[in-house]
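Asks: Any chance you can model this:
(one chain, ligands or ions: 3)
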Amino acid sequence: YRQNLAAIIPADRSRLPLSPVGITLFLLLSASAVIKDFISQSRELNLTKDRLAFLAYHDDLTGLMNRQALTDRLQQAIAQAQRSQSDTTLGLLMMDLDHFKRINDGIGHDVGDQILTAFANRVKNRVRSSDFFFRIGGDEFAIVLTQLKQPTDAAVVSEKILSSMEDPFLVNDQKLYLGCTIGISIYPKDAQNADQLMIRADSALSEGKRDRNIYRYYTMQMQKDAARKMQLLVKLRAALHNDEFHLVYQPQIAADGSIIGAEALLRWNNPEIGSISPAEFIPMAEETGAIMQIGSWVIEQACAASHFWESIGLPSFPVAVNLSARQLRDERLVSHISGCLRYYGLRPDRLHIEITESSVLDNPEAAIAVLHRLNNLGVHIAIDDFGTGFSSLSYLKELPVDCVKIDRSFFLELPHDNRSSSLLLGIISMIEGLGLSIIAEGVESEGQISFLQTNAPIVVQGYFYSRPLPQDEFIKFVKELSQKSSSQLP
Ligand code: C2E
Ligand code: CA
Ligand code: CA
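Replies: Numbers count the residues shown, from 1 in each chain. Ligands and ions are numbered 1, 2, ... in the order given. As a prediction, the model looks like this:
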């Protein structure tokens, strides 16, 4: 204020052409102007403060409340329920759109934004005014249901939301069908505080994500699973350092009965927990990033094994290692592999790597670049679990792939089911048409083998010939096999 006055009254007062009354009048008028100015400024300041408070609590795109608001509202609702000492039941729904990333990355963020807004509007029309609706992340939303008569009411709301997804989203004259998955936790049954309630709804959501376009309630089993996961995550951190991993090798057998390769498969034995399946711990190692170190160790071990087999005079065949999506995005992978090959004096085609289509789709550009560099190095590349994912043949054409491993599920119905047989033979001839080699995975029975030998004599990897074996047993297996085939020679 003082500064403002100083600006109005010039420093050289002798030049003022006003009488004392005029000066007083002038000062009064000026002061009122300054005060008006001050009031309007502080009004603006208040508006800005309100706007900031709104922004801190709301999401720009949909106008819904945000994650911070969810925590606060949930805490308030719980506190209110506890104060009222009634048997208030609250429901927390956490949901996200299925495969939204594909739309965002594939069609564009503008379309993604339009869908998020449209979804928010659909849901808004299906919840009561007493419920609170939030956007808590990219395509993640949450609803707090405050007036549940019973926990099953949360299913009613979920079904309404899921049925709203049956109509397509119209974007740029295009119809897009999308699903959404919902995880539900209930206060006070599942948890008594906001954080736990959110963690549990999130567990239910993760569980639902296995099937998608579905809702799931939090269950005791999920609690057990979460506890086991925590335990494994802690142990996993020290497993490599404590020498708890080893590799086993499963032979790949050609139609003439000779061994043409081996897949290295990781095993984890923890002294307290026992042996843990890779299907359980590999996804965890991916999640935490531990797979980078573990994966490097696998490559080193497999190269060392291959070198050892050569040194003891086993017949020459390549060893295959599995690579996870994260490894495939890593720039250092190629130099690590070429370093290992050089160190053990292995020809690059003695190492095969196995990747799944989904691990490529995770970040196609980075993955394809890495695959081309590996291919240039001379390392062979196999597509694993073919037929379980999006399995597009165009992908096979674009990627520098040498081999396709057809998933176990294709052989289960053999040899009796005609449709399965024709489907399989069709796939085999298409892959062969592309000039790629083929491995049949998980072949277990005599019937399956004789069908393949008659109709499509391809390489087989499965329990029929051998389970994955520890190194010493594997060497024994290979030696016996080569003795057998040399005794069969004329
Ligand atoms: P995968 O790469 O598809 O490996 C084949 C799996 O099928 C192995 O399971 C193998 O033991 C099993 N299998 C082989 N023949 C048969 C059969 O005739 N019948 C049946 N029912 N199963 C058969 P495993 O060793 O439990 O590995 C499971 C998955 O874990 C692997 O599937 C792979 O995705 C992953 N994995 C294993 N080792 C590694 C690794 O070093 N790195 C990465 N990133 N993943 C690995
Ligand atoms: Ca594999
Ligand atoms: Ca496989």
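
Asks: Could you check how many residues crowd around residue 163?
Replies: 10 (other Cβ atoms under 10 Å). Glycine gets a C-beta too; all of them are placed from N, C-alpha and C.

Asks: near ligand 1, which residues of the stretch 301-450 of the chain?
Replies: For the stretch 301-450 of the chain, the contact set with ligand 1 under Cβ under 6 Å from any ligand atom comprises 321, 322, 323, 324, 354, 384, 385, 408, 442, 443, 444.

Asks: pretty sure the second one contacts residue 382?
Replies: Right, residue 322. No. Using Cβ atoms under 8 Å, residue 322 is not in contact with residue 382; the gap is 9.6 Å.

Asks: Are there residues contacting both of these two? Which ones?
Replies: Listed as contacting both residue 322 and residue 382 by Cβ atoms under 8 Å, 6 or more residues apart in numbering are 353, 354, 355.

Asks: So which of those residues wins on neighbours?
Replies: In the shared contacts of residue 322 and residue 382, the most neighbours by other Cβ under 10 Å go to residue 355, 24 neighbours.

Asks: The helix or strand where it lies pairs with which strands?
Replies: Assigned by DSSP states H and E, residue 355 falls within strand 351-356. Note on strand 351-356: by DSSP bridges, its sheet partners are strand 319-322 (parallel), strand 380-386 (parallel).

Asks: which parts of the first one are buried?
Replies: Residues of strand 319-322 classed as buried under the neighbour-count rule (16 or more other Cβ atoms under 10 Å) are 319, 320, 321, 322.

Asks: Can you name the residues bridging to the second one?
Replies: It stands for residue 320. Under the criterion used (DSSP bridges), residue 320 bridges to residue 263, residue 352.

Asks: My guess is it contacts residue 265. True?
Replies: No. The criterion here is Cβ under 8 Å, and residue 320 misses it with residue 265 at 9.5 Å.

Asks: Apart from its chain neighbours, what residue comes closest to residue 104?
Replies: Nearest non-adjacent residue to residue 104, counting by Cβ to Cβ, 6 or more residues apart in numbering: residue 112, 3.9 Å away.

Asks: which residues are in contact with stretch 75-87?
Replies: 88, 90, 144, 146, 187, 188, 192, 193, 194, 197.

Asks: Can you tell me which of those residues is closest to ligand 1?
Replies: residue 197 (33.7 Å; Cβ to the nearest ligand atom).

Asks: Give me the mean pLDDT for the helix or strand hosting residue 43.
Replies: Counting by DSSP H and E, the element that carries residue 43 is helix 20-57. With pLDDT averaged residue by residue, helix 20-57 scores 72.

Asks: repeat for stretch 299-308
Replies: For stretch 299-308, mean pLDDT rounds to 98.

Asks: Show me what from this protein comes close to ligand 2.
Replies: 322, 354, 384 (Cβ under 5 Å from the ion).

Asks: So, low pLDDT: which residues of the chain?
Replies: Counting by pLDDT under 70, the ranges of the chain that qualify are 1-29, 45, 47, 390-392, 488-490.

Asks: Which strands and helices lie in contact with the strand or helix carrying residue 430?
Replies: Assessed by DSSP H and E, residue 430 sits inside helix 418-433. Packed against helix 418-433, as judged by 3 or more Cβ pairs under 8 Å, 6 or more residues apart in numbering; DSSP states H and E, are the following elements: strand 403-406, strand 437-441, helix 446-455.

Asks: Any buried residues in it, and which?
Replies: 420, 421, 424, 427, 428, 431.

Asks: export that helix as CSV, just CAs?
Replies: Extracted in CSV, the C-alpha atoms of helix 418-433 (Å, rounded to 0.1, in the frame of the first residue of the first chain):
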residue,chain,number,x,y,z
ASN,A,418,-9.8,-84.1,-36.6
ARG,A,419,-10.2,-80.3,-36.3
SER,A,420,-7.2,-79.9,-34.1
SER,A,421,-5.1,-82.1,-36.4
SER,A,422,-6.1,-80.1,-39.5
LEU,A,423,-5.5,-76.8,-37.7
LEU,A,424,-2.0,-78.0,-36.6
LEU,A,425,-1.0,-79.2,-40.0
GLY,A,426,-2.2,-76.0,-41.6
ILE,A,427,-0.1,-73.9,-39.2
ILE,A,428,2.9,-76.1,-39.8
SER,A,429,2.7,-75.8,-43.5
MET,A,430,2.3,-72.0,-43.3
ILE,A,431,5.4,-71.7,-41.0
GLU,A,432,7.4,-74.0,-43.3
GLY,A,433,6.2,-71.8,-46.2
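
Asks: Show me which of the contacts of stretch 75-87 are buried.
Replies: Buried members of those, counted by 16+ other Cβ under 10 Å: 88, 90, 144, 146, 187, 194, 197.

Asks: Would you check which pair of the residues you listed lies furthest apart?
Replies: Set against one another by Cβ to Cβ, those have their most distant pair in 88 and 194, with a gap of 14.5 Å.

Asks: tally of neighbours for the residue of the stretch 101-250 of the chain found nearest ligand 2?
Replies: Using Cβ to the ion, the point where the stretch 101-250 of the chain gets nearest to ligand 2 is residue 250, with a distance of 9.1 Å. By the criterion of other Cβ under 10 Å, residue 250 has 22 neighbours.

Asks: and it, that one's in a strand?
Replies: Yes. Looking at residue 250 with DSSP: H, G, I helix; E, B strand; the rest coil, it is inside a strand.

Asks: Leaving out chain neighbours, which residue sits closest to it?
Replies: residue 468 (4.0 Å).
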